[in-house]
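Undergrad: Pasting a predicted model and its sequence here:
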Amino acid sequence: MASAGSRRAVLSTASRPPHKLFRNLNAKIASIPMVLTALVIFVGCSVWTIVYSFTGSKLLPKTKWVGLDQYERLWGESRWIISIENLAIYGVCSLILSMIIGFVLAALLDRKIRFEDAFRTIFLYPFALSFIVTGLVWQWILNPEFGVQNLVRQLGWSTFTFDPLYNADIVIFGILIAGLWQGTGLIMCIMLAGMRGIDDDIWKAARVDGISTWKTYVFVVIPMMRPVFITALVLITSGIVKVYDLVVAQTSGGPGIASEVPAKYVYDKMFLSQNLGQGFAASTMMLLAVVIILIPWAYLEFGGKKNG
């Protein structure tokens, strides 16, 4: 009897599922390098930057604690304020126009037009170029001596003026043109992929009910593409925060400091002015902007599903 009872106990123990910690053990072991990389490089470096933003570091990192002095100097500097204003203008315009243009182009291609593959390739091609190449191309196009302005004047309109990169009041819009030219194609492809995922029965039902095509897109397709819009929103905003190459290639922050952006401010402070503390403080503010973007995205992507 005792041996039978012990045998049943052994069998029940063997059939018991493993502890949560040991489930998918091979996968967890394989993910250790990725977790360590994320902790050390991303989290560790971010924490290191935040900590040293409260120090008086110059050429080399120092542990001399200065409290909020770096942030007070940061927000008291006109160059930083101008860079924030430029980023806000560029960001709002880029976000709205990229969404609208990308959706309109995707809707046109979604109508199964002829040479769709060729048009899709043409629209997406600028995204394959680096920001430096894009900036140099548009610097040439917007140059008043041999760009669009010169071409139009040669056609007879002698008073035509189009030199946004040389006008401090509108220089950020010249940079915006180049950014839209490069990034809109990707948003178009994302939107088009979302539209192609819409069931054909929905379009048939809309036609039966007599709903026009544009109303179907606005009131039926767009609400169904919510995850696609969230993905596009995150991609656009992440590109806005780190915009740097276009500015360097087109204007180098000029005329004067009229086209300064936060990423260029950080680079100049850390590597040209040898003021690490000020660069760390500006980097922390940019990190805060990214966190502010990620929190609503995480809520919409995960919290909304849980509540639904």
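TA: Thanks, I have the structure now. Residues are numbered from 1 along each chain as shown.

Undergrad: What residues sit buried inside stretch 284-291?
TA: 284-286, 289 (16 or more other Cβ atoms under 10 Å). For the C-beta atoms, the positions are set from N, CA and C on the backbone; glycine is no exception.

Undergrad: helices or strands up against the helix or strand Lys204 falls within?
TA: Assigned by DSSP states H and E, Lys204 falls within helix 200-208. If contacts are counted by 3 or more Cβ pairs under 8 Å, 6 or more residues apart in numbering; DSSP states H and E, helix 200-208 sits against helix 213-216.

Undergrad: Need the residues that contact the helix it packs on.
TA: 202-203, 206 (Cβ atoms under 8 Å, 6 or more residues apart in numbering).

Undergrad: one more time with 6 Å
TA: Ala206 (Cβ atoms under 6 Å, 6 or more residues apart in numbering).

Undergrad: State the next helix or strand along the chain beyond that helix.
TA: Counting by DSSP H and E, what follows helix 213-216 is helix 222-224.

Undergrad: what's the spacing between the helix or strand following that next one and its chain's center?
TA: Remark: after helix 222-224, the chain's next helix or strand is helix 226-241, criterion DSSP H and E. Centroid separation between helix 226-241 and its chain, computed with Cα atoms, centre = their mean, to the nearest Å, is 6 Å.

Undergrad: just checking, what packs against helix 226-241?
TA: helix 78-110, helix 171-196, helix 276-298 (3 or more Cβ pairs under 6 Å, 6 or more residues apart in numbering; DSSP states H and E).

Undergrad: can you redo those helices as JSON lines with distance to Asn26?
TA: Shown next, in JSON lines, are the helices and strands packed on helix 226-241 (distance: least, Cβ to Cβ, whole Å):
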{"stretch": "helix 78-110", "distance to Asn26": "41"}
{"stretch": "helix 171-196", "distance to Asn26": "33"}
{"stretch": "helix 276-298", "distance to Asn26": "29"}
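
Undergrad: of all those, which gets the most neighbours per residue?
TA: Among these, the stretch with the highest mean neighbour count (mean count of other Cβ atoms under 10 Å) is helix 171-196, at a mean of 21.

Undergrad: Averaged pLDDT, it. What do you get?
TA: The average pLDDT within helix 171-196 is 92.

Undergrad: got it, and stretch 294-302?
TA: 73.

Undergrad: what does stretch 51-68 give?
TA: So the average pLDDT for stretch 51-68 ends up being 88.

Undergrad: Convert the C-alpha atoms of that stretch to CSV, please.
TA: What follows is stretch 51-68, C-alpha atoms only, in CSV (Å, rounded to 0.1, in the frame of the first residue of the first chain):
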residue,chain,number,x,y,z
VAL,A,51,22.4,61.8,-13.8
TYR,A,52,25.3,63.8,-15.4
SER,A,53,22.9,66.5,-16.6
PHE,A,54,22.8,67.6,-13.0
THR,A,55,26.6,68.1,-12.9
GLY,A,56,29.0,70.7,-14.1
SER,A,57,30.6,68.5,-16.7
LYS,A,58,32.6,70.3,-19.4
LEU,A,59,35.1,68.6,-21.6
LEU,A,60,35.0,65.4,-19.5
PRO,A,61,32.2,64.0,-17.2
LYS,A,62,32.5,65.3,-13.6
THR,A,63,30.7,64.4,-10.5
LYS,A,64,30.4,68.0,-9.3
TRP,A,65,26.7,68.4,-8.4
VAL,A,66,25.1,71.6,-9.6
GLY,A,67,21.4,70.8,-9.2
LEU,A,68,19.2,72.4,-11.8
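
Undergrad: Give me the contacts around that stretch.
TA: 70, 274, 276-277, 280-281, 284.
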